[in-house]
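Enquirer: Generate coordinates for the sequence data below:
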Amino acid sequence: MSVALQDLKINMSNYKRATFEDDDATEIPADGAASPDCMEVGFNKGGIHFLGPVGRRTQLEMLLSGMLLFTVLVLLGCVISLGISYSRDPAHSLCLTEACITVSSKIIEALDRSVNPCEDFYQYACGGWMRKNPLPDGRSRWSTFNSIWDQNQAILKHLLENTTFNSSSEAERKAQRYYLSCLNEVKIEELGAQPLIDLINRIGGWNISGPWDKEKDTFMEVLKTVSGPYRASPFFTIYVSVDPKNSNSNVIQVDQSGLFLPSRDYYLNKTANEKVLTAYLDYMVELGTLLGGDRNSTRWQMQQILDFETTLANITVPQDERRDEEKIYHKITIAELQMLAPSVEWLDYLSSALSPLDLNDTELVVVYAKEYLQQVSELINKTDKSLLNNYIIWNLVQKTASSLDQRFENAQDKLLECLYGTKKSCMPRWQTCIGNTDDTLGFALGALFVKATFDKHSKEIAEEMINEIRTAFKEGLDELRWMDNRTRLAAKEKYEVSEDNFFQNTLNFYNFSAKVMADQLRKPPNKDQWSMTPPTVNAYYMPTKNGIVFPAGILQAPFYARDHPKALNFGGIGVVMGHELTHAFDDQGREYDKDGNLRPWWHNSSVEAFKNRTECMVEQYGQYTINGEHINGKQTLGENIADNGGLKAAYHAYKKWLKNNREEKHLPAVGLTNDQLFFVGFAQVWCSVWTPESAHEGLMTDPHSPPKYRVIGTLSNSKDFAEHFGCTLGSPMNPGKRCEVW
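Expert: Sure, this is the predicted structure:
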């Protein structure tokens, strides 16, 4: 799928939503195949065959037949003995259903039995999978998540291209029309760059592609136009969302923005990222010339824009310094915002962006980047107006270029190859269009998906599992010695559960989303509104709603299947559930109370004890490296806390399920106990392959640790894992020092 690079930016609304995954040889025989638990005894259907006519057997024949009969009797005795043994001890019986045999095969294929699980459990669990799954063409990473998403896309393609499509829902019909407009490459190629050229001219022109009316096109006018109906985010981003300190109301929120590349580090660490910066400049020049600019003039002006973005990167606050939301939250009036950043006429700007709302300078606004706004205001004041205009229009160009003809896609592919290590995508157009439709009309698309695929019983079973895991987590709170009783009681309360023109279509969507955003300001927050579409293979926690969401897209194998062993379901979707529940108590989620309000509700002694424990985790993950680069332990802290707490809660819930039900049958040929199967199932969710460039980008931008260390880091902190795999103290997977928060 072609990646729209503007979607890689991080704004505060996404920043506060904790997701489970970031919104790519020769098989070695299994050692345990001949163990008593998986022995199979077979007989020849024709019985015993004698070599000569009856009564005419030689002495040798009689001897051989006697030996054969003896052997058969011995084997028969073994079978009877095994049968008696199995009937007396159900824990040693095998699950021989089609589903169990199939999933056994997949687990065995993914394993690397040559590796000691106590040395490197990720390689043990995923080594076979990695050998059998080279990166597909055009992909920078490949994993279970990608595989399931591809399956979901194929289902959606069938639904949208069905000739008998006759939905009674206007929203679903719009989703189909949008998809078909994206598929209409003949029309897209015919229009070429003209739709975007026309849009730029309507705004007032662009010094790069043609004449710029600097008298008509003032800084504020172009800023309002680009940021309002077209939802670009030069300098800063604005949106309407739940007020973190008053979860029953929405409020205008302002945050830092304005960088095109995924991280400020790409701009500032020029030595390490020289190739990316060169490729980015080439991309900028290519788009400018495709829109009518002279190549030499365009290169000079684009270099100015790149230098300006580098200055913005210098004042942009890095992610790992923005994790304490109490510190970065500032609620002020528009009048106070005007004093803070006077280069922007804020009342005019916000009134335009949130039209037709009636605003005045007493309207409250939540600001998350106070120092940044001060500095960006000073930068705007001292920057030439032609450069400001070039930069603002560039934001619009890069946001909309992916909806134009193949030349623009080719230019983007070159940048993606340098940024993520991907070769030009061989992906069919329909997959690109399914992704675009999911981005714009995802809930209409999701309705089609759910009606066609979702088993209503899965929802009931999933809710039952969530309750089991939440109970296990709450019981775990009683065992914590570092948390005081008052805070523990408040924490338990938090877990009470209270569900024919592609380019123009894209512009219409931006305009519509702007109106929807403005409409939210005077309304109470919708607690049932999702920020992930139903086909998405992911899950998330939203602190201002104190709620978790599991889209239908993730409720399938290997995360969950009704006919799989409970050990795999708890190790898969169970850990996902535990992960999202634990986000309520990570370093950010813990700052929100049971009603979703940002306030200090912990006793000081518990806060200090919590910080001491999380520091252990920061240090632990900060020691891990990928291609010689260290993980940022501060940036990934919240997700690491959630991974560790989620695994522990899910495992304890599984053990409680076993206590209340019965011991499960074993999978055939795998040679693992069901406790071991739980941990293998968890690890195999994270089997993945990445390009070095994509791994580098992930270390800079992703709040999650790389998949390998989501497995190794979490399991090396688990005493249950060490016990069931017999890892001796001091081994890599049982190092002795464990980091435990929840």
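
Enquirer: Show me the shaky parts of the stretch 201-350 of the chain.
Expert: Under the criterion pLDDT under 70, the flagged ranges of the stretch 201-350 of the chain are 216-217.

Enquirer: where do the helices sit along it?
Expert: For the stretch 201-350 of the chain, applying DSSP state H, counting those that start in this stretch gives helices covering 219-227, 264-268, 274-290, 295-315, 325-328, 334-340, 346-353.

Enquirer: Go through the ones you listed and name the closest to Glu190.
Expert: helix 274-290 (15.5 Å; C-beta to C-beta). Yep, even glycine has a C-beta here, placed from its N, CA and C like the rest.

Enquirer: Show me what the closest one is packed against.
Expert: helix 264-268, helix 295-315, helix 385-400, helix 406-420 (3 or more C-beta pairs under 8 Å, 6 or more residues apart in numbering; DSSP states H and E).

Enquirer: Out of those, which gets nearest to His457?
Expert: Among the helices and strands packed on helix 274-290, the nearest to His457 by C-beta to C-beta is helix 406-420 (39.3 Å).

Enquirer: Now whichever helix or strand comes after the closest one: buried residues?
Expert: Downstream of helix 406-420, the next assigned helix or strand under DSSP states H and E is helix 429-453. By neighbour count on 16 or more other C-beta atoms under 10 Å, the buried set for helix 429-453 is 430-438, 440-442, 444-450, 453.

Enquirer: doesn't Pro560 fall inside a strand?
Expert: Careful, residue 560 is Tyr and not Pro. No: counting by DSSP: H, G, I helix; E, B strand; the rest coil, Tyr560 is not found in a strand; it is coil.

Enquirer: Tell me the confidence at it?
Expert: Listed pLDDT for Tyr560 reads 87.

Enquirer: Could I get the pLDDT score of the residue nearest to it when sequence neighbours are not counted?
Expert: Taking C-beta to C-beta, 6 or more residues apart in numbering, and ignoring the residues beside it in sequence, Tyr560 has Ile573 as its nearest neighbour in space, at 3.9 Å. On the pLDDT scale, Ile573 is placed at 92.

Enquirer: Surely Ile573 is in contact with Glu463?
Expert: No: the pair Ile573 and Glu463 fails to qualify as a contact (C-beta atoms under 8 Å) at a distance of 11.6 Å.

Enquirer: Those two: who's more crowded?
Expert: Between Ile573 and Glu463, counted using other C-beta atoms under 10 Å, Ile573 has the larger neighbour count: 29 against 14.

Enquirer: Rebuild the helices of the stretch 201-350 of the chain as CSV, extending it with distance to Gly192.
Expert: As requested, the helices of the stretch 201-350 of the chain are exported to CSV (distance: least, C-beta to C-beta, whole Å):
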stretch, distance to Gly192
helix 219-227, 22
helix 264-268, 30
helix 274-290, 9
helix 295-315, 18
helix 325-328, 44
helix 334-340, 41
helix 346-353, 31
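
Enquirer: Export those to a markdown table and append columns for mean neighbour count and distance to Glu723.
Expert: Shown next, in a markdown table, are the helices of the stretch 201-350 of the chain (neighbours: other C-beta atoms under 10 Å; distance: least, C-beta to C-beta, whole Å):
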| stretch | mean neighbour count | distance to Glu723 |
| --- | --- | --- |
| helix 219-227 | 20 | 56 |
| helix 264-268 | 20 | 41 |
| helix 274-290 | 19 | 46 |
| helix 295-315 | 17 | 48 |
| helix 325-328 | 15 | 38 |
| helix 334-340 | 17 | 56 |
| helix 346-353 | 20 | 57 |
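
Enquirer: which one of those lies closest to Pro244?
Expert: Comparing these by C-beta to C-beta, helix 325-328 comes nearest, at 6.6 Å.

Enquirer: Other residues contacting the closest one?
Expert: Residues from elsewhere that reach helix 325-328 (C-beta atoms under 8 Å, 6 or more residues apart in numbering): 16, 244, 322, 368-370, 588, 591, 598, 600.

Enquirer: Kindly recompute the last result at 7 Å.
Expert: Contact with helix 325-328 is made by 244, 322, 368, 588, 591, 598, as judged by C-beta atoms under 7 Å, 6 or more residues apart in numbering.

Enquirer: neighbours of the last one, just the number please.
Expert: For Leu598, the neighbour count with other C-beta under 10 Å is 20.

Enquirer: who's in contact with the closest residue in space to it that isn't next to it in sequence?
Expert: The shortest distance from Leu598 to any non-neighbouring residue, by C-beta to C-beta, 6+ apart, is to Pro244 (3.9 Å). With contacts defined as C-beta under 7 Å, 6+ apart, the neighbours of Pro244 are 325, 329, 544, 598.

Enquirer: before we move on, the earlier item: out of the helices of the stretch 201-350 of the chain, which is closest to Ile712?
Expert: Nearest of the helices of the stretch 201-350 of the chain (C-beta to C-beta): helix 264-268, 24.8 Å.

Enquirer: Identify the residues contacting Gly421.
Expert: Gly421 is in contact with 140, 691-694, counting by C-beta under 7 Å, 6+ apart.

Enquirer: ok, which stretches of the stretch 451-600 of the chain are helices?
Expert: 456-477, 485-493, 502-519, 566-569, 575-582.
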